[in-house]
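Chemist: Kindly generate the corresponding structure for this input.
(one chain, ligands or ions: 1)
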Amino acid sequence: MLLKDKVCVIAGAGSPRGIGYATAQLFAEHGARVVMLDIAINDDIVAGLKAAVAATAGPEADVVGISCDISKLDDCKRAVDEIVTRHGAIDCLVNSAGIVRGTPMLSIEEDEYERILTVNLKGTFNLCQAVLPVLVARGCGSIVNLSSSAAQRGGGLVGGAHYAASKGGVIGLTRTIAREFGPKGIRANIVCPAMIETSMLDGLPENRLREIVAAVPLQRAGLPREAAGACLFLASELGGFVTGATIDVNGGSHIH
Ligand SMILES: NC(=O)c1ccc[n+]([C@@H]2O[C@H](COP(=O)([O-])OP(=O)(O)OC[C@H]3O[C@@H](n4cnc5c(N)ncnc54)[C@H](O)[C@@H]3O)[C@@H](O)[C@H]2O)c1
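Modeler: This is a model prediction of the structure:
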């Protein structure tokens with residue numbers, strides 16, 4: 001039990017095949033009091049997660065869902081207020097909410113650019129800005145932000161220039177939080193996945209997927225739970241002296 005009774009907020013936990021959901025599940029299995037934040041969350045999704053962790057965390061696992069559009073600062077503040085009222089504190093925030101588009105550079109329309117940047121970068125910023133005062137008040141806490149190998153290698157397998165730019169911004173944002181809030185006892189780190197089997201890979205044709213997998217040193221796509229494992233390390237005291245770091249979860253597809 002690496003997170004016994006820790007209040008852990010997972011943004012982007014509403015997709016049962018996603019990294020955020022897998023993180024919520026793994027954290028609940030480790031005894032966390034889990035808050036699933038998502039623009040698309042409902043009672044069935046929360047009940048499904050509770051059922052999935054019943055064998056390890058018991059039938060009374062403390063898991064709640066709160067609807068939140070991270071692109072809106074007011075919504076993030078409202079969600080954080082709700083969490084603090086309920087739990088009295090926040091120990092950890094994982095930002096896994098995100099959207100992707102693979103549009104080629106010269107075809108990206110202004111609206112699409114704005115939406116990708118507003119959700120992925122401003123949304124991450126909004127939630128960090130809403131949660132940080134709560135962490136500062138207690139002098140401890142851990143933030144884990146999901147970036148992407150697209151930010152490191154120049155474009156993703158499915159993400160275009162706007163997506164890569166938004167995820168590069170997440171790295172800069174997180175490193176700055178690590179430097180600014182380290183003296184206040186708060187850690188902030190980045191997980192950079194690639195090729196994790198979630199709905200984000202659904203758009204890739206089967207033969208393209210096979211080609212990509214053949215070029216991955218580990219010769220397979222990753223599981224959401226494997227990205228969640230990196231989040232668990234960073235959220236828990238196992239990663240207690242780690243801040244400003246970037247952990248790659250990419251099967252070796254980008255070694256640098
Ligand atoms: N799957 C991969 O291979 C991969 C690779 C690199 C990076 N990532 C990153 O990992 C994170 C999780 O990706 P995933 O593959 O699990 O995707 P996913 O689509 O399964 O999950 C993303 C979740 O974010 C939620 N969301 C979208 N917009 C939101 C908003 N405005 N407010 C609140 N929630 C919102 C969605 O409803 C969804 O539940 C993302 O940030 C993604 O960019 C994934």
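
Chemist: Get me the contact residues on the protein for the ligand.
Modeler: When proximity is defined as Cβ under 6 Å from any ligand atom, the chain approaches the ligand at 12, 14-15, 17-20, 38-40, 68-71, 96-100, 119, 123, 146, 148, 193-196, 198-201. Bear in mind the C-beta positions are built from the backbone N, C-alpha and C, glycine included.

Chemist: biggest helix in this protein by residues?
Modeler: helix 161-181 (DSSP state H).

Chemist: packing partners for it?
Modeler: Applying 3 or more Cβ pairs under 8 Å, 6 or more residues apart in numbering; DSSP states H and E, one finds that helix 161-181 contacts helix 110-117, helix 123-138, strand 141-146, helix 149-153, strand 186-193.

Chemist: Now do the buried residues in stretch 134-144.
Modeler: Within stretch 134-144, the residues that qualify as buried are Val134, Leu135, Gly141, Ser142, Ile143, Val144, counting by 16 or more other Cβ atoms under 10 Å.

Chemist: ditto for stretch 191-209
Modeler: For stretch 191-209, by 16+ other Cβ under 10 Å, it's Val191, Cys192, Pro193, Ala194, Met195, Ile196, Glu197, Thr198, Met200, Leu201, Leu204.

Chemist: Residues contacting it, please?
Modeler: Contacts to stretch 191-209, defined as Cβ atoms under 8 Å, 6 or more residues apart in numbering, come from residues 15, 17-19, 100, 102, 144-152, 156-158, 171, 212-213, 216, 221-224, 226-227, 230-231, 234, 246-251, 253-254.

Chemist: Kindly format the C-alpha coordinates of the helix-or-strand element of the chain with minimal mean pLDDT as CSV.
Modeler: In the chain, no helix or strand scores lower on mean pLDDT, DSSP states H and E than helix 206-214, which sits at a mean of 91. Below are the C-alpha coordinates for helix 206-214, written out as CSV (Å, rounded to 0.1, in the frame of the first residue of the first chain):
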residue,chain,number,x,y,z
GLU,A,206,-3.7,-1.9,-38.4
ASN,A,207,-0.7,-2.1,-40.8
ARG,A,208,0.7,1.2,-39.7
LEU,A,209,0.4,0.0,-36.1
ARG,A,210,2.3,-3.2,-36.9
GLU,A,211,5.1,-1.2,-38.6
ILE,A,212,5.4,1.1,-35.6
VAL,A,213,5.4,-1.8,-33.1
ALA,A,214,8.1,-3.6,-35.1
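
Chemist: which is the next helix or strand following it?
Modeler: Counting by DSSP states H and E, the next helix or strand C-terminal to helix 206-214 is helix 224-235.

Chemist: That following helix - what's its average pLDDT?
Modeler: Throughout helix 224-235, pLDDT has a mean value of 98.

Chemist: again with stretch 92-110
Modeler: Per-residue scores along stretch 92-110 average to 97.
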